[in-house]
Every structure is written in C-alpha cells, then in structure tokens.
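1. compute the structure for the input listed below.
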Amino acid sequence: MPAVDRKPLWLYPNLLSLDAPLVAVAWLHVFAKTWRLGYHPWEAYVTLGLAVWAIYVGDRLLDASLLGAKL
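-> Below you'll find the model as predicted:
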C-alpha cells in the first residue's frame with residue numbers, strides 16, 4: 001500500500017483548472033473550421049485560453065474564500 005495518495009493522471013487538467021480553457025479553445029477551433037476562416041492567428045487561441053483560465057481560477061478562489069468565511 002503506497003503511503004502517498006496519488007491523483008490519477010487524467011485528473012490533472014481539472015486540478016490545474018485547465019479543463020474550461022481547453023474546451024473554449026476547442027470550440028474556437030471548431031467554429032473557425034465551420035465558418036471556413038482561412039487564417040486564424042494563434043494569438044487568438046492563446047488569448048482566449050488565458051482569459052478563460054484567469055476567470056476560472058478567479059471564480060474558484062472566490063468560491064473558496066466564501067466557503068472559508070462560512071466555516
């Protein structure tokens with residue numbers, strides 16, 4: 001029996017709050033292909049991913065602080 005409780009590999013994107021940004025970037029890619037955009041700059045993908053990640057992390061921190069205030 002291992003002494004350390006290790007998290008499964010597939011759970012790391014959720015622990016790092018990367019699941020929402022990855023889905024947002026995937027949707028941007030799908031919409032770009034659907035609307036047949038000839039060129040979509042990579043900066044758009046990075047900007048969207050970072051913006052969604054910042055909002056997601058901020059929301060999680062706010063939830064944690066409100067939960068801590070109630071305890």
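2. can you map out the helices along the protein?
-> 12-15, 19-34, 42-70 (DSSP state H).
3. just checking, what packs against the first one?
-> Judged by 3 or more Cβ pairs under 8 Å, 6 or more residues apart in numbering; DSSP states H and E, helix 12-15 has no packing partners among the helices and strands. For every residue, glycine as well, the C-beta is placed using N, CA and C.
4. which residues does it contact?
-> With contact meaning Cβ atoms under 8 Å, 6 or more residues apart in numbering, helix 12-15 is reached by 7, 18-19, 22.
5. roughly how far is it from the heart of the chain?
-> Its chain's C-alpha centre and that of helix 12-15 lie 9 Å apart, by Cα atoms, centre = their mean, to the nearest Å.
6. on that earlier part again, can you put the helices of the chain in JSON lines and add mean neighbour count, distance to Ala3 and mean pLDDT?
-> Below are the helices of the chain laid out as JSON lines (neighbours: other Cβ atoms under 10 Å; distance: least, Cβ to Cβ, whole Å; pLDDT from 0 to 100):
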{"stretch": "helix 12-15", "mean neighbour count": "11", "distance to Ala3": "20", "mean pLDDT": "87"}
{"stretch": "helix 19-34", "mean neighbour count": "14", "distance to Ala3": "29", "mean pLDDT": "94"}
{"stretch": "helix 42-70", "mean neighbour count": "12", "distance to Ala3": "27", "mean pLDDT": "91"}
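7. the contacts of helix 12-15: which two are farthest apart?
-> Farthest-apart pair in the contacts of helix 12-15 is Lys7 and Leu22; separation 17.7 Å (Cβ to Cβ).
8. now the end-to-end length of stretch 27-43.
-> 15 Å (Cα to Cα, to the nearest Å).
9. and the contacts of it?
-> Contacts of stretch 27-43 (Cβ under 8 Å, 6+ apart): 44-45, 48.
10. 6 Å instead?
-> Leu48 (Cβ atoms under 6 Å, 6 or more residues apart in numbering).
11. for it, the distance to its chain's centre please.
-> 19 Å.
12. same question, stretch 36-46
-> Relative to the centre of its chain, stretch 36-46 is centred 19 Å away, using Cα atoms, centre = their mean.
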